[in-house]
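Pasting the sequence and the predicted model now:
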Amino acid sequence: MSGHDQPIPMTARKSGPLRGVAEVPGDKSISHRALILGALSVGETHVTGLLEGQDVLDTAKAMRAFGAEVLRHGPGIWSVHGVGVGGFAEPQDVIDCGNSGTGVRLIMGCMATSPITATFTGDASLRKRPMGRVTDPLALFGARAYGRQGGRLPMTIVGAANPVPVRYTVPMPSAQVKSAVLLAGLNAPGETVVIEKEPTRDHSERMLAGFGARIQTEITPEGRIITLQGQPELKAQKVAVPRDPSSAAFPVCAALIVEGSDILVPGVSQSLTRNGLFITLVEMGADIAFENPREEGGEPVADLRVRFSTLSGIEVPSDRAASMIDEFPVLSVVAACANGTTIMRGVKELRVKESDRIDAMARGLEACGVRVEEDEDTLIVHGMGPNGVPGGATTLSHLDHRIAMSFLVLGLASRKPISVDDGSPIATSFPVFEPLMAAMGATISRSNR
């Protein structure tokens, strides 16, 4: 059975100062791609720092189902013995991707240009998410998709027996769609070209190059033009996964709004396609020092020293949205604790994530006493200043890990406790969230119904 068997209600209460070191897990985006590209390579790929959240574990199971040997050797230490580009076997059973939109869309891409058939499903949240944004471009290669009404899971993909390369302009800023097309292009002859009008996280391009693919990116007035030469022989690599900036966002934001806090979050990716939140927080007046900048696993990283700050609302430009799309929920929590109004534009992609994150945050913040405005592409939060959020509500997570963690962070700084109806989805991306926050002094507990 896909999904979470039993809800886990959780409550966060006003906390004393947060102190200590927050060792957040490995980057989820890079962890997915390390397993997938390892499976498409020749030889044995070794991965350290792999995120062992449920989303990534589901991708590991999927790679085994397609014929790769995927082994765990210790905490975060994995190996993948690949089958090469075009070497996927037809899976014997349905591929269950749990809660992971990244996992299912990338896996659809990498099997769509092989002459095999696979059926995909997921949990209740994933089955609501649109897959047409991926299956439409995959059809250009020659793949066929058969799913539920509205292009939703469960869905069967019949891979193209004679794939053709494509030239595709991504209609929305989506690293998942871009990556699915590039992965499909690996097993198509000739050049596959992807055009991005707005840049999104570039882990796929970086990692494809690292595994030996011939790929180049050109910046033009039309946008970012990414050209991939098909049918390469990818070579196994050693991949060191940096720490996930989307997970780091939660202890960072908690420290900023809990009075007296002073924490260190080491080794956080500072990729220009992922650091929009940190830029925004600094503009709001956050006391964040970026210490010991260096490179790990091909990614720029730094240690973040974060102290409680009195913050001011700002307008976040729409062209920054793609570099912080997963961080808007927790940014809206910070905005609620800031002075003045924060306007977040260009966020319509949030409506098709694990939940409609704009609606989920707006309704939850309102229940906690915060005034919010929204339209299809904008979220406006009227801040109440330090110690100004009343709290006292039970909020709905909508099976969305980031919604659950965001409201638990807010509960650490609100006047009354804040509960979430179900914290179980947190395990999909941040399985050590509870002990990590508790070790710094956060008061988060599992609730009795």
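Arrived safely, thanks for sending.

what residues go with each domain of the protein?
Per automatic domain parsing, the domain ranges recorded for the chain read 10-26+242-446, 28-228.

May I have the distance across the first one, first residue to last?
Think domain 10-26+242-446. End-to-end distance of domain 10-26+242-446 (C-alpha to C-alpha, to the nearest Å): 4 Å.

Save the domains of the chain as CSV, and put in mean pLDDT, mean neighbour count and distance to Lys235 too.
Yep, even glycine has a C-beta here, placed from its N, CA and C like the rest. CSV is the format used below for the domains of the chain (pLDDT from 0 to 100; neighbours: other C-beta atoms under 10 Å; distance: least, C-beta to C-beta, whole Å):
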stretch, mean pLDDT, mean neighbour count, distance to Lys235
domain 10-26+242-446, 95, 21, 15
domain 28-228, 96, 21, 5
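
Export those as a markdown table, with columns for distance to Leu234.
A markdown table is the format used below for those (distance: least, C-beta to C-beta, whole Å):
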| stretch | distance to Leu234 |
| --- | --- |
| domain 10-26+242-446 | 15 |
| domain 28-228 | 4 |
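
now the helices for the stretch 201-350 of the chain?
Under the criterion DSSP state H, counting those that start in this stretch, helices of the stretch 201-350 of the chain are mapped to 203-210, 245-257, 276-283, 328-336.

Columns distance to Phe407 on top of these, output as JSON lines?
Output for the helices of the stretch 201-350 of the chain, formatted as JSON lines (distance: least, C-beta to C-beta, whole Å):
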{"stretch": "helix 203-210", "distance to Phe407": "28"}
{"stretch": "helix 245-257", "distance to Phe407": "11"}
{"stretch": "helix 276-283", "distance to Phe407": "17"}
{"stretch": "helix 328-336", "distance to Phe407": "7"}
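
Quick one: closest of the domains of the chain to Ala236.
domain 28-228 (3.3 Å; C-beta to C-beta).

Now do the closest one: distance to the chain's middle.
In terms of C-alpha atoms, centre = their mean, to the nearest Å, the centre of domain 28-228 is found 14 Å from the chain centre.

from here on, count from 96
All right, first residue 96 from here; so that's domain 123-323.

Now do it: distance from first to last residue.
24 Å.

cool, stretch 221-239 as well?
End to end - C-alpha to C-alpha - stretch 221-239 spans 20 Å.

One more: stretch 187-200?
Across stretch 187-200, the terminal residues are separated by 19 Å (C-alpha to C-alpha).

Show me what that stretch is in contact with.
By C-beta atoms under 8 Å, 6 or more residues apart in numbering, the surrounding residues in contact with stretch 187-200 are 97-98, 123-124, 127, 149-151, 153-154, 156-157, 160, 202, 213-218, 220-221, 224, 226, 229, 248-249, 271-272, 274-275, 448-449, 494, 496, 520, 523.

which residues touch the residue nearest to Pro388 when sequence neighbours are not counted?
In space, and not counting its chain neighbours, Pro388 is closest to Ala397: 4.6 Å by C-beta to C-beta, 6 or more residues apart in numbering. For Ala397, the contacting residues are 362-363, 365, 385-389, by C-beta under 8 Å, 6+ apart.

got it, and Gly536?
Contact analysis of Gly536 by C-beta under 8 Å, 6+ apart lists 110-115.

Return the backbone torsion pair for it.
According to degrees, to the nearest 10, the main-chain angles of Gly536 amount to phi 110, psi 10.

Let's verify the residue in the chain sticking out farthest from the centre: helix, strand, or coil?
In the chain, Asn257 marks the outermost C-alpha relative to the chain mean, sitting 32.5 Å out by C-alpha atoms, centre = their mean. Using DSSP: H, G, I helix; E, B strand; the rest coil, the structure places Asn257 in coil.

so it makes contact with Gly237?
Yes: if you go by C-beta atoms under 8 Å, Asn257 and Gly237 touch, sitting 6.4 Å apart.

So which residues of the stretch 196-345 of the chain form strands?
212-216, 239-243, 247-253, 262-265, 286-291, 310-315, 318-324, 333-335 (DSSP state E, counting those that start in this stretch).

Mind giving me the packing neighbours of the last one?
Yep, that's strand 333-335 we're talking about. For strand 333-335, the packing partners by 3 or more C-beta pairs under 8 Å, 6 or more residues apart in numbering; DSSP states H and E come out as helix 123-134, strand 139-143.

Of these, which is nearest Asp470?
helix 123-134 (28.5 Å).

Please name every helix or strand in contact with the closest one.
Partner elements for helix 123-134 (3+ C-beta pairs under 8 Å, 6+ apart): strand 139-143, helix 149-160, strand 164-169, strand 172-176, helix 196-206, helix 270-280, helix 298-305, strand 333-335.

try it again with 7 Å
If you count contacts as 3 or more C-beta pairs under 7 Å, 6 or more residues apart in numbering; DSSP states H and E, helix 123-134 packs onto strand 139-143, helix 149-160, strand 172-176, helix 196-206, helix 298-305.

That helix vs helix 298-305, what angle?
For helix 123-134 against helix 298-305, the angle by axes from the mean of the first three to the mean of the last three C-alpha atoms, to 10 degrees is 40 degrees.
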